[in-house]
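Undergrad: The sequence and its predicted three-dimensional model are supplied below.
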Amino acid sequence: MKTLTTLRPPAVAAPRPVRAGRRRRPSGTAAVWILVGPYTVFLVLFGLAPAGYALWTSFVDNGSFSGGRDWVAVFHDYRLGDAAGHVTTYLLLWLPVLLLTVLSLAFTLHARPGRTTSALQLVYYLPGAVTGSAAALLWLFMVSPDSSPFSPLLTLMDVRSATDALSGGSVIAVLTVMGVAVHAGGWIVVLYGALNALPKDVLEAAQVDGASAWRTMWHVKLPMVRTYVAFVLISSFASGSQVFVEPTVLSTGAPGQISPTWSVNQLAYTYATQDGDFGKAAALSLAMLAVGVLAAWIVITRTRMYATDSSDSR
């Protein structure tokens, strides 16, 4: 006798409930393009495209190939040597003073945390709130004995007018003080934030091993924030090598003391606006771009700015 069995359908797992409002997360590649895409568009439109147009302008004159005549004329201009010398001297004086100021104050704030730390960050940052032409105009009043709060000091130094303060080689000294006051505050805040992100266990291990505050700063903290220091150096070199607004504004208060082609950027501006020679202006601008890219490459390679843990261990 055959036994009849009841056939049952195979068990099917119940579908998981879908939460309302839950969205699918983008993949890693999509997330990268979402973050990098807008910057890439702006880089192409306002960086690579103008550089390409400048390159074309420097080699094409009235629709015909000039054979690099504008480049030769720029490098044979007697004013270029003086302008490059001014900017080089300014960078050699300003960059070390700026880095020393930023590093010393940022490490001091991190080594001695307290209630006054936030207030000091604001105090350091305030001078940087006034930038560009406004900062240059402010410092023009600062070196004028008639309106400066440091008038007794200027009088003691036998400075009777802004022309006296900006005569000779004092222009670079004034620009250095101005540049440190304007740029140091923002970089102090950035570097202090990087120091606060350092792992606490590493710093505590250094203290347990008996390292002094100086050795901890030099051998532990500084190597761990070298990427930020490199970024400060690259950005500061780029802005310093293209100095333009400050000497232009200061020259209005001291006629005859600061040449309209004092800096390389001012010389390029003179080519375009005074001489109407856009080919020479484009050539000089590309030369400045090449110097900035070369300096950035040197800093990146020497400081291993983009090195990772895996590459360091190889």
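TA: On my side now, so go ahead. Numbering: from 1, shown residues only.
Undergrad: where do the helices sit along the stretch 101-250 of the chain?
TA: Using DSSP state H, counting those that start in this stretch, the helices found in the stretch 101-250 of the chain span residues 116-125, 132-142, 151-156, 162-165, 170-196, 200-208, 213-216, 222-224, 226-241, 245-253.
Undergrad: can I get these in JSON lines with mean neighbour count and mean pLDDT?
TA: Every C-beta, even on glycine, is put in place using the N, C-alpha and C of the backbone. Shown next, in JSON lines, are the helices of the stretch 101-250 of the chain (neighbours: other Cβ atoms under 10 Å; pLDDT from 0 to 100):
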{"stretch": "helix 116-125", "mean neighbour count": "14", "mean pLDDT": "71"}
{"stretch": "helix 132-142", "mean neighbour count": "18", "mean pLDDT": "79"}
{"stretch": "helix 151-156", "mean neighbour count": "13", "mean pLDDT": "79"}
{"stretch": "helix 162-165", "mean neighbour count": "21", "mean pLDDT": "74"}
{"stretch": "helix 170-196", "mean neighbour count": "20", "mean pLDDT": "87"}
{"stretch": "helix 200-208", "mean neighbour count": "12", "mean pLDDT": "82"}
{"stretch": "helix 213-216", "mean neighbour count": "14", "mean pLDDT": "82"}
{"stretch": "helix 222-224", "mean neighbour count": "13", "mean pLDDT": "87"}
{"stretch": "helix 226-241", "mean neighbour count": "18", "mean pLDDT": "91"}
{"stretch": "helix 245-253", "mean neighbour count": "20", "mean pLDDT": "86"}
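Undergrad: Turn the ones you listed into TSV, columns for distance to Leu294.
TA: Formatted as TSV, those follow (distance: least, Cβ to Cβ, whole Å):
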stretch	distance to Leu294
helix 116-125	31
helix 132-142	26
helix 151-156	40
helix 162-165	35
helix 170-196	22
helix 200-208	35
helix 213-216	34
helix 222-224	25
helix 226-241	10
helix 245-253	24
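Undergrad: out of these, which comes closest to Thr29?
TA: Thr29 lies closest, by Cβ to Cβ, to one member of the helices of the stretch 101-250 of the chain: helix 226-241, at 24.8 Å.
Undergrad: what's that closest one packed up against?
TA: Packing partners of helix 226-241 (3 or more Cβ pairs under 8 Å, 6 or more residues apart in numbering; DSSP states H and E): helix 78-111, helix 170-196, helix 278-303.
Undergrad: Quick check, pLDDT for Val87.
TA: On pLDDT, Val87 comes in at 95.
Undergrad: just so I know, which of the helices and strands packed on helix 226-241 lies nearest Pro152?
TA: Closest to Pro152 of the helices and strands packed on helix 226-241, according to Cβ to Cβ: helix 170-196, at 17.7 Å.
Undergrad: quick one: buried residues of stretch 33-45?
TA: Using 16 or more other Cβ atoms under 10 Å as the test for burial, stretch 33-45 gives no buried residues.
Undergrad: ugh, wrong one, I meant stretch 59-67
TA: 59, 66.
Undergrad: Straight-line length of that stretch, end to end?
TA: 6 Å (Cα to Cα, to the nearest Å).
Undergrad: For the most centrally placed residue in the chain, give its distance to Gly52.
TA: For the chain, the residue nearest the mean C-alpha position is Ser235 (2.1 Å; Cα atoms, centre = their mean). Counting by Cβ to Cβ, to the nearest Å, the separation of Ser235 from Gly52 is 24 Å.
Undergrad: go on, Phe141?
TA: Phe141 is 42 Å from Gly52, by Cβ to Cβ.
Undergrad: Same check on His86?
TA: 30 Å.
Undergrad: neighbour-wise, which of the two wins?
TA: His86 (23 against 11; other Cβ atoms under 10 Å).
Undergrad: Please name the nearest non-neighbouring residue to the more buried one.
TA: Among residues not flanking His86 along the chain, Trp262 sits closest, at 5.6 Å (Cβ to Cβ, 6 or more residues apart in numbering).
Undergrad: so the one you found makes contact with Val171?
TA: Yes. Here Trp262 lies in contact with Val171, judged by Cβ atoms under 8 Å, at a distance of 7.5 Å.
Undergrad: which neighbours do those two share?
TA: 86, 247 (Cβ atoms under 8 Å, 6 or more residues apart in numbering).
Undergrad: Tell me where the model's unsure across the stretch 1-150 of the chain.
TA: Applying pLDDT under 70 to the stretch 1-150 of the chain flags the ranges 1-28, 114-118, 121, 128.
Undergrad: And the closest residue to Leu55 other than its chain neighbours, how far from Asp275?
TA: The shortest distance from Leu55 to any residue other than its chain neighbours is 6.2 Å, reached at Leu286 (Cβ to Cβ, 6+ apart). For Leu286, the distance to Asp275 (Cβ to Cβ) stands at 17 Å.
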